[in-house]
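> Kindly return the folded structure for what I paste below:
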Amino acid sequence: MTLQEYLKSNNASVYALSKASGVPYSTTLSICNGSADMEECRLSTLRALARALNIDLMDLIDGKIVSKKHRFINASVMIDTSSLPVELRNFIGELEEYDKDADPAFYAAADTMLIMADRCLKSGAINSKTYIKLASRYPIGE
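Modelled structure (predicted):
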């Protein structure tokens, strides 16, 4: 997906990207509409745009941008939360919201969730396989 398509699919504007990245509007517009050659752009400009969009720099340069659903969560680890204790399940729902909002408080909340999961493990409410999946899906470090 091109940068223009990416912005459209995420209901974002060139102006918003310019503000978020600190890249001048005219430069951002030229890059978005394809009139600027990516290979001619400064690396610092491309880096700022990629960082603002939370996308891989090389994907931006190659024009192969992939939308990321999650910012912090490891989406490749799947967990069936229906069998988890209610308190743990509710806390995981909060973690998912922190992730959606790209809130850095996610890491502190993930740490608290893992303490809760550890207690559930010790009481037998979850097994060690589930605990490992939780720790993998919700990392506590940046």
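> Averaged pLDDT, stretch 4-20. What do you get?
Stretch 4-20 shows a mean pLDDT of 85.
> Spatially nearest residue to I79 (excluding sequence neighbours)?
K133 (5.0 Å; CB to CB, 6 or more residues apart in numbering). Just so you know, the C-beta spots here come from the backbone N, C-alpha and C atoms, and that holds for glycine as well.
> who's in contact with that neighbour?
77-79 (CB atoms under 8 Å, 6 or more residues apart in numbering).
> what does L3 give?
Under the criterion of CB under 8 Å, 6+ apart, the neighbours of L3 are 31-32, 49, 60, 63, 65.
> V14 now?
Taking CB under 8 Å, 6+ apart, we find V14 in contact with 7, 25, 28-29, 32.
> Flag every buried residue along stretch 9-26.
Buried residues in stretch 9-26, counted by 16 or more other CB atoms under 10 Å: 14, 17-18, 21, 23.
> and the nearest residue to T81 once chain neighbours are set aside, what pLDDT?
Nearest non-adjacent residue to T81, counting by CB to CB, 6+ apart: R89, 5.0 Å away. Reported pLDDT at R89 in the predicted model: 93.
> Can you show me the helices along this structure?
Assigned by DSSP state H, the helices in the chain fall at 3-9, 14-21, 25-32, 43-53, 57-62, 86-100, 106-123, 128-137.
> Could you check how far the last one is from the centre of its chain?
The gap between where helix 128-137 is centred and where its chain is centred comes out at 20 Å by CA atoms, centre = their mean, to the nearest Å.
> quick one: buried residues of that helix?
For helix 128-137, by 16+ other CB under 10 Å, it's 130-131, 133-135, 137.
> With the fourth one instead?
The neighbour-count criterion (16+ other CB under 10 Å) identifies 45-46, 48-50, 52-53 as the buried residues of helix 43-53.
> Could I get those residues in a markdown table, plus columns for distance to A105 and pLDDT?
Shown next, in a markdown table, are the buried residues of helix 43-53 (distance: CB to CB, whole Å; pLDDT from 0 to 100):
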| residue | distance to A105 | pLDDT |
| --- | --- | --- |
| T45 | 30 | 95 |
| L46 | 29 | 94 |
| A48 | 24 | 93 |
| L49 | 26 | 92 |
| A50 | 24 | 87 |
| A52 | 20 | 86 |
| L53 | 22 | 84 |
